Every structure is written in structure tokens, then in C-alpha cells.
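In: A structural model of the following input is requested.
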Amino acid sequence: MKLTIKNYKEATKDINFSKLPEAAREAHKEFDAFADFYSEDKDIKEMLDNHFKIVESYLDQNTKRFPELDVRHPLNILDKESGQYKASLKEYRDSKKKLKATAKSGSKKTATKRTSFARKKTSKTAKRKPNEVPLMPLEAKIIKRYLNMHGKKVTERQVSLLYKVIQKAATEYTIRKSSKYAEEVKKIGNDLARTYKEMGSTCTFEVPDSMYSKLKNIVDSYGVTPAVSLIKRFINLYGNITIDKAKRLLTTIKNAKKNGKVTSSDRAYDRINQVQKHLEGYLDSDKLLVTNIQLNGLKGFAGLGK
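Out: Got it, this is the predicted structure:
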């Protein structure tokens, strides 16, 4: 399985990293710290790409005999000596049928309550962020990452890499003096440099009180445009779509239109309608017919490249 920034967390959620090399364990701990800057910084990209390769080889070595067998399934018991799962394919299928029957029976009992809850939930008008953008600006990403370090134990590497991102942005004029939050980013850079000089190999990071509230207000004011988030979800489904996933996304899109998260005034409204049409066509025919031109157009609009 090929790991990417987008599928990493889901693909590795059940891995016991204590069995992996120390470098892989450390990179896994720091993943959130660097994921936002994967496309902006060559060194961070190279570091994470190398980490992906290490973890991919581990995933390949531990491929399950039954790929569809959920790791939380009661029959997912590995025989340490043979390296094979104790459950036979027939046992697994029989057990799966029983689990489905149990789930179906339980769902009938709570159907009325769920329907009532759903009606109440979708009737509310969605709250919108003051600054909704297709892509988070680099300044907001830096501020968010800086705040996420607050109160946590961080390494020299984490502090220096975030400082390096700021220095690179200034050198390449990605962030200019005229940028909206240039002064805040400059203060963050100065604090990171000071912290790096004073810390040992690790420290518990503290954002100065004089900066925290203002920076948090900035981060809280930003959000990715709901329409773009839905388009990204659709793109991530492509090639890995199922009927259940298609139904869930289609329901989310319809609710987003109903409660005001997505409106006809959105730049992406036509593309949302296009995605909805693709999903409805898939559910009718069990085939997702999307041309490369359409898919690349959606990727470009969502800032995912081609």
C-alpha cells in the first residue's frame, strides 16, 4: 500500500510502532507537526517520503490473509508461530453474517430515535467562519502549528523545522512585509529562535501569554470552504469508492445545501452539483464514470494539483 499525506493516519491507525525502528517512531510522533508544510518545504517532504517508505515495507510484510478482515474483528487472531490467522475463510464469513444480522436487529430498535435526531440536526442553520478559503494561507498554517505546540513536549528538530519554514517563506517572498499576518509570523520566528537557543534536546513549549489569545483568534477565524472540503472527500473516494461511502457523502452534500453550508453563491457550487450527479449516477449504475478531465478539474479547484 502506498502511503500519502492524506491516507497516512487511517492506514497506520492500527500499527504498533513500538516494533518499528526508532526513526520511524519519532517521525510518526511528529507527523502532525509537519504534514501542513509537506508541499511548502523540500526537507520536510523528503523526510516524510522516507518515513512512508519505511512504514510501507512494514505494511507489506504484514499483509493479512483476509484483506477485508477488520483488525477489531473477534476472529482476527494471529498464530505467532505460523504467522497465519486462526480463523478459516468460512468461519470469517459465517461470523460476518451474524454480526450483520445483529447490527440490523439493533438498528430497528433505535430507528425512530435516530430519525427524530436527524431532523433536529439538519434543521439548524450552519455557522460559517469569518474567513472561509479554498486553501489555508501559509501564515495561518504557521500560526496553527505554533499554537499546537503549546503545552507539549517538543524536540529541537520540531522547533528548528518550523523556524526554517518561516525563514524560507521570507526568503522566497511567500510571506511579505505587506502580508496580513507578517508581524505575527515575525514574532513567532523570534520566539522559536529564542526557544531553540535556550532549550536542551527537548522542552515543554509555552506560547507567551501576550501572543496566545490574538493568534488563536486568527486561527479560529479561518476554515476551508465547506464546498471545497466536500470536493476533496469525493476526490479521495475515487478509486476506492463503495456504495456506503457514496451514500454518506451524497447525504452530507444534500444536508450541506439544506442547512446553508453550501449555497448557490459559492464559487464551487457548480462543481458540487457535478459531484452530486456523479454520486447519484454511481448509486444507480454501480459505476463511477468520471473522465480524467473532470477529475483533474476538481483537483485543480481544490488545490490538489493534477
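In: contacts only, for Tyr238.
Out: With contact set as Cβ atoms under 8 Å, 6 or more residues apart in numbering, Tyr238 has these partners: Leu288, Val290, Leu295. Using the backbone N, CA and C atoms, a C-beta is placed for each residue, glycine as well.
In: the last one: which element?
Out: Under the criterion of DSSP states H and E, Leu295 resides in helix 292-301.
In: quick one: mean pLDDT for that helix?
Out: For helix 292-301, mean pLDDT is 77.
In: mind exporting that helix as PDB, just the C-alpha atoms?
Out: Output of helix 292-301 as PDB, limited to C-alpha atoms (Å, rounded to 0.1, in the frame of the first residue of the first chain):
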ATOM      1  CA  ASN A 292      -9.700  12.400 -16.400                       C
ATOM      2  CA  ILE A 293     -10.500  16.000 -17.500                       C
ATOM      3  CA  GLN A 294     -13.300  16.200 -14.900                       C
ATOM      4  CA  LEU A 295     -11.200  14.700 -12.200                       C
ATOM      5  CA  ASN A 296      -8.300  17.000 -12.900                       C
ATOM      6  CA  GLY A 297     -10.600  20.000 -13.000                       C
ATOM      7  CA  LEU A 298     -11.900  19.100  -9.500                       C
ATOM      8  CA  LYS A 299      -8.300  18.500  -8.200                       C
ATOM      9  CA  GLY A 300      -7.200  21.900  -9.500                       C
ATOM     10  CA  PHE A 301     -10.100  23.700  -8.000                       C
END
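In: chain center to that helix, what's the gap?
Out: Centroid separation for helix 292-301 versus its chain: 20 Å, with Cα atoms, centre = their mean, to the nearest Å.
In: ok, which stretches of the stretch 101-250 of the chain are strands?
Out: Remark: strands assigned in the stretch 101-250 of the chain by DSSP state E, counting those that start in this stretch are 131-133, 153-155, 202-204, 222-224.
In: of all those, which one is nearest Tyr173?
Out: In terms of Cβ to Cβ, the element of the strands of the stretch 101-250 of the chain nearest to Tyr173 is strand 131-133, at 20.1 Å.
In: let me see the mean pLDDT of that closest one.
Out: 60.
In: got a list of contacts for stretch 27-46?
Out: 5, 8-9, 12, 17, 20, 47-48, 51, 55, 136, 138, 141, 144-145, 148-149, 155, 157-158, 161-162, 164-165, 168-169, 174.
In: please redo it, this time with the cut-off set to 7 Å
Out: By Cβ atoms under 7 Å, 6 or more residues apart in numbering, the surrounding residues in contact with stretch 27-46 are 5, 8, 17, 47-48, 51, 138, 141, 145, 158, 161, 165, 168.
In: repeat that for stretch 183-191.
Out: Stretch 183-191 is contacted by residues Glu139, Ile142, Ile143, Tyr146, Tyr163, Ile166, Ile175, Pro208, Met211, Leu215, Ile218 when judged by Cβ under 7 Å, 6+ apart.
In: who's in contact with the third one?
Out: Going by Cβ under 7 Å, 6+ apart, Ile143 touches Tyr181, Glu184, Ile188, Leu215, Ile218, Val219.
In: next one: the first one
Out: By Cβ under 7 Å, 6+ apart, the residues touching Glu139 are Ile175, Ser179, Lys180, Tyr181, Val185.
In: the fifth one too?
Out: For Tyr163, the contacting residues are Gly189, Leu192, Ala193, Tyr196, taking Cβ under 7 Å, 6+ apart as the criterion.
In: who wins for neighbours among the residues you listed?
Out: Highest neighbour count within the contacts of Tyr163, by other Cβ atoms under 10 Å: Leu192, with 24 neighbours.
In: domain parsing for the protein?
Out: 8-61, 136-223, 224-301 (automatic domain parsing).
In: least trustworthy helix or strand in the protein by mean pLDDT?
Out: helix 111-122 (a mean of 48; mean pLDDT, DSSP states H and E).
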